[in-house]
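# My questions concern the predicted model and sequence given below.
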Amino acid sequence: MIRPATRPRILLYILRRDIRLSDNPIFHHASLFAPTNNNTTTSKPSESRDREDSVLSDRFSQDYTHLLPVYIFPANQVEVSGFLRNSSDSSPYPEARSQLAKVWRTGPHRAKFIADGLWNLKETLEGLSCGSSLEVRVGLVAEVVEHILDWYAPETDEEKDQGADVAGIWLTADEGTEERKQEDEVRTLAEQRGMEFKVWKNETYYVDDKDKMSDLPNVYTTFRKQLEPLRSRPRQILPTPTELPPLPPSVPPQKEPFEIPSTLGGLKEALLAPLEKDLTFGLPFPPRWPESTPNAFPFNGGEKAAQDRLSHLISGGAMSSYKATRNGMLGLDFSTKLSAYLNLGHLTARQVHWAMVDFEKGEGPGKGVQGYGKGENEGTAAVRFELLWRDYMTLCQRKFGSRMYQIHGIRDYPKSKGKGQDLSYSKRWRCIDGAGGAGDDPLKTLDAFTRFRSGRTGAGLIDASNRELFLTGYTSNRARQNVASFLSSHLGIDWRLGAEWYEFLLIDYDVGNNWGNWQYVAGVGNDPRQGRVFNPVKQALDYDKEGEYIKAWVPELRGVTINKDGPSSGQGSGIDQQRLMGLYQAWRLSEWEKEQLGLKGLEWVDNPLVRINFTVGRGRGGDNSGRGRGKGRGRGGNWRGKDFRRMGNEDKVARTQSTDAEF
Ligand SMILES: Cc1cc2nc3c(=O)[nH]c(=O)nc-3n(C[C@H](O)[C@H](O)[C@H](O)COP(=O)(O)OP(=O)(O)OC[C@H]3O[C@@H](n4cnc5c(N)ncnc54)[C@H](O)[C@@H]3O)c2cc1C
């Protein structure tokens, strides 16, 4: 049928975790429908590499006159009651809380970061001066899409002449099970109405050339070896559009009973209002910001902020020194802090790769920085290695689907005599509903989980990390590994509670990366060396050598003096390690010192959840063999098995007793 040229043909673009204009296949393709279609690229070296792969060779049967980009806050994942038009209205949706711990699914830190990203994109689109913009909606994704389609659907002949057709719906693939369900529902709507429907590949991957998930190895190292050398793998990035089809002449409003604020401040307020009704988030002793402790993640969300961060990492030399600093816990640049930008789609891993290539070739910013123009260095190689971990966890999400969220994880246990897996081989967990088979008292388990969340376990490193996470939405990879190991191994608590808590708080939360990493550390995921346990005292000695991180976030312990010129216990550092023991676990301080520092009577000092008996000093109780030393991705320095053998010759501490949770 030939339609009148004036009748708008709308392409509906449902944005999800692809909140950027650059290296975005949907915006790139939509730009081909722009009225003048004279797209040019920006002149930055890393953005000027046109791709010639299959994405660009797609041809579309439709042509579109208008582009309607819509971002939807999904009501099952983000609490949307703050968007209600009238305070007397109530939300038609249940609260967006997690299944087990019933905590919010999206906390304040991530909510603000998402809002920043949306506003930045909206302003960027409007800045193109071609009539484009971004619309924000709240609700269940399929319901919102249906509302938009219904609003445009003509009911009378007159409307048919004046109206517009939504002729296609595009969105970017996402691997979570809920996201896949959304996709299916929207596909059904599109098919029912005879529209074009296309799910575009998620372009934030570093490589992603695995189409058959049965080919994905269950061990990361095998996967990585298939792809090495990593520097030669990534595809080119897409040019940034300079013109897009305009918004349709009229745009459906947000469905009642909600309304969308017209400013960034208003958007944040609406997102935060329900969360701020209880700022303790259910904790009797919520962490408070310690005086003079800086935030290690003071960044705003958005494509511009992501690009600024990337430039800073390259020009300031942090990318090149990454290998040496990545296990840090304090400060701005010990690691890239790009995860949130990548996971919300403000940046792609390929943009990171090509920016590093420019540096390595001496073509982009960073002149004068060590390694400029000298090819791949230890730091840039290590960043690529980690970006591939991100791919891998995301692909595991695609491969294993809902098994990522099951208590027994993705591990294959032997078949039982009848059918199915014989789960008697698997670990028993302490659960807050008592269903984990550990014979625990659910109330005590809940109490321990509450203390864990509050940063009041008595293990300094764990408490510092959990307080930091609560207050900032970020904590380092080193700290995350210890925290996850502590909850799942030392406390024996259902690791999924920890994963839900992280989902609530992390700015960089990503379904595959969060649940995959929790499984990995809890020993039910794809770690080929199962049963590893991180010893948080040993780890603190290795990575918080002077206790600065613990003191930063657990201010009650700032009075514990560490003699830097004292006997070094053979470490040669001059740090008195006996003193550190009291910082790493305050129960080890003398009664006199506890009294002096006002620590007496604090539950986490007097009754820690776990007492890790640990001796410092060469040759005391340790096994110097170095057997079983951690290899691979820097997860070493941890302890394996019941006897907690020393893992490396460099270790000067030995654990003399096994630990048991004291609850
Ligand atoms: C229990 C636990 C939960 C985690 N949850 C998440 C999560 O929800 N989202 C998330 O992005 N990462 C998660 N991680 C992985 C890792 O801790 C973060 O990616 C990293 O700390 C983010 O900081 P960064 O960007 O400075 O990382 P960098 O050290 O600078 O690494 C560069 C990039 O590589 C990727 N990366 C690094 N380490 C990992 C890893 N172990 N697994 C997958 N990708 C990695 C990230 O995209 C990161 O931005 C988790 C790790 C653990 C142990």
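Great, that's in hand. Numbering: from 1, shown residues only.
# Can you classify the residue in the stretch 1-150 of the chain positioned nearest to the ligand as helix, strand or coil?
Nearest residue of the stretch 1-150 of the chain to the ligand (Cβ to the nearest ligand atom) works out as residue 110 at 10.0 Å. Just so you know, the C-beta spots here come from the backbone N, C-alpha and C atoms, and that holds for glycine as well. Look at residue 110: counting by DSSP: H, G, I helix; E, B strand; the rest coil, its state is helix.
# What does residue 407 show for phi and psi?
For residue 407, the backbone dihedrals are phi -60, psi -40 (criterion: degrees, to the nearest 10).
# Can you give me the neighbour number for it?
20 (other Cβ atoms under 10 Å).
# ok, now which ones touch it?
Under the criterion of Cβ atoms under 8 Å, 6 or more residues apart in numbering, the contact partners of residue 407 comprise 429, 431, 436, 494-496, 524.
# Rank the helices and strands of this protein by mean pLDDT and give me the bottom one.
strand 639-640 (a mean of 31; mean pLDDT, DSSP states H and E).
# correct me, but residue 293 touches residue 550?
No: using Cβ atoms under 8 Å, residue 293 is not in contact with residue 550, being 11.2 Å away.
# quick one, which of those two is more surrounded?
For residue 293 versus residue 550, the count of surrounding residues by other Cβ under 10 Å is larger for residue 550: 27 against 19.
# Measure how buried the nearest residue to the more buried one once chain neighbours are set aside is and give me the count.
Counting by Cβ to Cβ, 6 or more residues apart in numbering, residue 460 is the residue found nearest to residue 550 once chain neighbours are left out, at 4.1 Å. Applying the criterion other Cβ under 10 Å, we find 29 residues in the vicinity of residue 460.
# I figured residue 460 was touching residue 547, is that so?
Yes: applying Cβ under 8 Å as the test, residue 460 and residue 547 come out as touching, 7.4 Å apart.
# joint contacts of those two?
A shared contact of residue 460 and residue 547, defined by Cβ under 8 Å, 6+ apart, is any residue touching both; here these are 540, 557, 583-584.
# hang on, residue 8 packs against residue 165?
Yes: Residue 8 sits in contact with residue 165 when judged by Cβ under 8 Å, with a separation of 7.1 Å.
# tell me which strands and helices the helix or strand hosting residue 191 is in contact with?
Residue 191 is located in helix 177-192, with elements delineated by DSSP states H and E. In terms of contacts (3 or more Cβ pairs under 8 Å, 6 or more residues apart in numbering; DSSP states H and E), helix 177-192 is packed against helix 141-152, strand 165-172, strand 196-200.
# strands paired with the second one, and their directions?
What it means is strand 165-172. The sheet places strand 165-172 alongside strand 9-15 (parallel), strand 196-200 (parallel), with pairing taken from DSSP bridges.
# and the angle from it to helix 177-192?
Relative orientation of strand 165-172 versus helix 177-192 (axes from the mean of the first three to the mean of the last three Cα atoms, to 10 degrees): 160 degrees.
# what's the angle between the helix ranked longest in the chain and helix 177-192?
Longest helix in the chain by number of residues, with DSSP state H as the criterion: helix 378-400. Angle of helix 378-400 versus helix 177-192, following the same axes, to 10 degrees, is 60 degrees.
# How far off centre is helix 378-400?
13 Å (Cα atoms, centre = their mean, to the nearest Å).
# Remind me what that helix packs against, helices and strands.
Counting contacts by 3+ Cβ pairs under 8 Å, 6+ apart, helix 378-400 is packed against helix 220-227, helix 322-325, helix 349-361, helix 511-522.
# Going by mean pLDDT, which of the ones you listed comes out lowest?
Per-segment confidence across these bottoms out at helix 220-227, which has a mean of 94 in mean pLDDT.
# buried stuff in it?
Buried positions in helix 220-227, judged by neighbour count with 16 or more other Cβ atoms under 10 Å: 220, 223-224, 227.
# What number of residues are in the vicinity of residue 84?
Neighbourhood size, residue 84 [other Cβ under 10 Å]: 19.
# Name the nearest residue to it, sequence neighbours excluded.
Residue 84's closest residue in space is residue 257 (Cβ to Cβ, 6+ apart), at 5.6 Å.
# what about the one you found, neighbour count?
Residues contacting residue 257 under the criterion other Cβ under 10 Å number 15.
# Which stretches in this protein count as strands?
Ranges of strands in the chain, per DSSP state E, are 9-15, 66-74, 135-139, 165-172, 196-200, 532-533, 614-616, 639-640, 653-655.
# got those as JSON lines, with mean neighbour count columns?
Written out in JSON lines, the entries for these read as follows (neighbours: other Cβ atoms under 10 Å):
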{"stretch": "strand 9-15", "mean neighbour count": "24"}
{"stretch": "strand 66-74", "mean neighbour count": "23"}
{"stretch": "strand 135-139", "mean neighbour count": "23"}
{"stretch": "strand 165-172", "mean neighbour count": "23"}
{"stretch": "strand 196-200", "mean neighbour count": "17"}
{"stretch": "strand 532-533", "mean neighbour count": "20"}
{"stretch": "strand 614-616", "mean neighbour count": "19"}
{"stretch": "strand 639-640", "mean neighbour count": "20"}
{"stretch": "strand 653-655", "mean neighbour count": "22"}
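# My read is that residue 204 contacts residue 344, right?
No: contact between residue 204 and residue 344 fails when scored by Cβ under 8 Å: they sit 9.2 Å apart.
# Now do the shared contacts for these two.
Overlap of the contact sets of residue 204 and residue 344 (by Cβ under 8 Å, 6+ apart) consists of residue 17.
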